[in-house]
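Asks: Build me a structure from this.
(one chain, ligands or ions: 1)
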Amino acid sequence: MSTIPSFDPAADPAAATPTAGVPLPAREPDAATLARAAERAAAELLAPPAPQRLTDVVPAPQQVQPDPTEDWVLPAEAVIVASADPAALAVAAHLAELLRPATGYPLPVTDATAPDPADGIALVLDETADLGAEGYRLDINTNGVRVTAGTATGLFYGVQTLRQLLPPAIESPAPVTARWALPGGTITDAPRFPYRGAMLDVARHFFAVEDVLKVIEHLARYKLNHLHLHLTDDQGWRIAIDSWPKLTGVGATTEVGGGPGGHYTKADYRRIVSYAAARHITVVPEIDLPGHTNSALVAYPELAPDKIAPPPYTGTEVGFSYVDPADERTYDFIADVLGEVAALTPGPWLHIGGDEAFKVKGEVYTGFVERTQRIVAGLGKTVVGWHQLAPAGHLDGRVLQWWGTNGEDPTTADAVRRGARLILSPGNHAYLDMKYAPDTPIGHDWAGLIDVRKAYDWDPGTHLTDVPTEAVLGVEAPLWTESVTSLADIELLLLPRLPAIAELGWSPRHTHGWSGFRDRLAAHGPRWATAGTTFHRAPEIPWPATPTIPEQRDPDQADTTTS
Ligand code: TNX
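Replies: Residues are numbered from 1 along each chain as shown. The predicted structure follows:
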């Protein structure tokens, strides 16, 4: 039960003020103060329970033990106290930034050797807690909230869960009056797979840094930990490479449909990487080779098989371009480009593409891939590539990203037997550029239509024949952008399917169930609406009838949700 607030005259200036010149004994409050305390206590006792249930979390946690007698309301004077560790304190600062706009509360952050909630929120780094590299425990009771984890990453995920347990108004960018109630009980949680990601194709259409940061926020909310950036393709080269300046000088000026294109400077890229890192997300840069390279060939015809510059390409066909696998200059180019990208990228992965190089066949293709894999290893990075890399020789740690639409793939299964691990991105479940339904205004349908249920109803652990669960590193939802031209377009395709893929990557299989997921997901509609985020009102989801639309919203943005 809620406890009656204890009375502390030192905390109440009215209680300490002498009445009629006679100082009151320290622990005998005046009648008005007593009345106020009684009023507060009565309000607590009569208060409705927290509107959210402890089970209302996406992705579904491993274990949830609700205790409705332990609901707690965040008070205006709450303090966030974290273990005295820079990474834990950074998570505490992040939590404060998430909660301050809507609550308007100051939420100061402090540190302590043994943080205790004391009517606030404690983030406790406990290396002896048996919660794994990304797990956490969340305890909510009438004393406050405690998040415990063995790592700052675990604390970060506990914070994301905490955020979902507050009312949807917490997403408001400006202060709103609300009762910031949290449901009591304990959640113990850890992910099923270590790799949970999404890909953004910034090559077909270029997206400003701010848009990428917004995508990172969506990933973080659902405990995804990798952002794969498809940085280069026929239609544009998007990352500055000092040793080959025309890649962006010439190759970045185009995009699908004839728009102006664009590219990230090294400072832009570093900003994306650090914004992601602050959200415990690793950036996976992709330089697609040997195909999907028309923009590079326009800039440097010496890389082309016939040494003639092709015209810039702004269409949507694939498979026609390639760098010359027989020319040593090509490998200088690859070593320079991958070297500069590796130097900019703190994460362990370098994605080398490898898809749809239709004109580089057989041993020429595998020879090219093996040489490129060695360059990546020489840079101290681990190779990731589309599953077309499978026939090439194995190299320690190599990861294949499988995007097939049929779970029978003997070539990939064989590469797994030789040591490859897999990221699963089945085209007919995880491709976020597929339309939801025939009337989806943007997107493709070559891998089929993907409604929310189709995105959700598959098991990464058993999806590919003859591939054991242990070989599956995780899942990734790719968003190709041939038809995507704005952040609103990105969000329309991402939400609500990204949470479905996130749940497959995070939640234990025993939690899997469409009707439960559908209901938990529905509760996110009001959150997105409140935050001004576009999403697809998928008809199979029971969205609450009247999503909370914050009064402060800019009227120009009022119509960002689709019907
Ligand atoms: C196939 S999937 C591609 C991309 C396209 C996408 C469109 C893959 C590795 N390659 O080049 O953008 O289809 O859905």
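
Asks: How many residues are close by the residue of the stretch 201-350 of the chain found nearest the ligand?
Replies: When distances are taken as Cβ to the nearest ligand atom, the stretch 201-350 of the chain reaches nearest to the ligand at Val318, 4.8 Å away. Heads up, the C-betas are built off the backbone N, CA and C, glycines and all. Residue crowding around Val318 was assessed by other Cβ atoms under 10 Å; the count is 15.

Asks: Next, it: secondary structure please.
Replies: Using DSSP: H, G, I helix; E, B strand; the rest coil as the criterion, the local structure at Val318 reads coil.

Asks: Name all residues that make contact with it.
Replies: Val318 sits next to Asp234, Gly291, His292, Glu356 when contact means Cβ atoms under 8 Å, 6 or more residues apart in numbering.

Asks: Just checking, which helix or strand of this protein averages the lowest pLDDT?
Replies: Of all regular secondary-structure elements in the chain, judged by mean pLDDT, DSSP states H and E, the least confident is helix 13-16 with a mean of 33.

Asks: Tell me where the stretch 51-200 of the chain has helices.
Replies: Assignment of helices within the stretch 51-200 of the chain using DSSP state H, counting those that start in this stretch yields the ranges 86-103, 152-165.

Asks: If you count contacts, what does the last one end up packed against?
Replies: With contacts taken as 3 or more Cβ pairs under 8 Å, 6 or more residues apart in numbering; DSSP states H and E, helix 152-165 sits against helix 86-103, strand 120-125, strand 136-141, strand 144-149, strand 185-189, helix 209-221.

Asks: mind putting those in CSV, mean neighbour count included?
Replies: Shown next, in CSV, are the helices and strands packed on helix 152-165 (neighbours: other Cβ atoms under 10 Å):
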stretch, mean neighbour count
helix 86-103, 19
strand 120-125, 25
strand 136-141, 24
strand 144-149, 25
strand 185-189, 21
helix 209-221, 19
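
Asks: The ligand is nearest to which of these?
Replies: When the helices and strands packed on helix 152-165 are compared for distance to the ligand using Cβ to the nearest ligand atom, the nearest one is helix 209-221, at 17.0 Å.

Asks: Helix 152-165 and that closest one, what's the angle between them?
Replies: Here helix 209-221 runs at 90 degrees with respect to helix 152-165, directions being taken by axes from the mean of the first three to the mean of the last three Cα atoms, to 10 degrees.

Asks: Centre of the chain to helix 209-221, how far?
Replies: Helix 209-221 has its average C-alpha position 7 Å from the chain's average C-alpha position, going by Cα atoms, centre = their mean, to the nearest Å.

Asks: touching the ligand at all, the following helix or strand past it?
Replies: Later in the chain than helix 209-221, the nearest helix or strand by DSSP states H and E is strand 226-230. No. Judged by Cβ under 6 Å from any ligand atom, strand 226-230 and the ligand are separated, with a smallest distance of 8.1 Å.

Asks: what packs against strand 226-230?
Replies: Contact partners of strand 226-230 among helices and strands, from 3+ Cβ pairs under 8 Å, 6+ apart: strand 195-201, helix 209-221, helix 266-277, strand 282-289, strand 472-479.

Asks: what are the pairing partners of it, and which direction each?
Replies: As defined by DSSP bridges, the strand partners of strand 226-230 come to strand 195-201 (parallel), strand 282-289 (parallel).

Asks: Output it as CSV, restricted to C-alpha atoms.
Replies: The C-alpha atoms that make up strand 226-230 are tabulated as CSV, following Å, rounded to 0.1, in the frame of the first residue of the first chain:
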residue,chain,number,x,y,z
HIS,A,226,22.8,-1.4,-34.3
LEU,A,227,22.2,1.2,-37.0
HIS,A,228,23.4,0.0,-40.4
LEU,A,229,24.0,2.9,-42.8
HIS,A,230,23.9,2.0,-46.5
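
Asks: Helix 266-277 and that one, what's the angle between them?
Replies: Comparing the axes of strand 226-230 and helix 266-277 via the same axes, to 10 degrees yields an angle of 150 degrees.

Asks: Strand 226-230 relative to strand 472-479, how many degrees between them?
Replies: Orientation check (the same axes, to 10 degrees): strand 226-230 against strand 472-479 gives 50 degrees.

Asks: after strand 226-230, next one along is what?
Replies: Sequence order places strand 232-233 as the next helix or strand after strand 226-230, per DSSP H and E.

Asks: list the helices and strands that next one packs on?
Replies: For strand 232-233, the elements it packs on are strand 282-289, helix 294-299, judged by 3+ Cβ pairs under 8 Å, 6+ apart.

Asks: CSV for those, including mean neighbour count and distance to Asp126?
Replies: Listed next are those as CSV, based on neighbours: other Cβ atoms under 10 Å; distance: least, Cβ to Cβ, whole Å:
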stretch, mean neighbour count, distance to Asp126
strand 282-289, 24, 24
helix 294-299, 26, 49
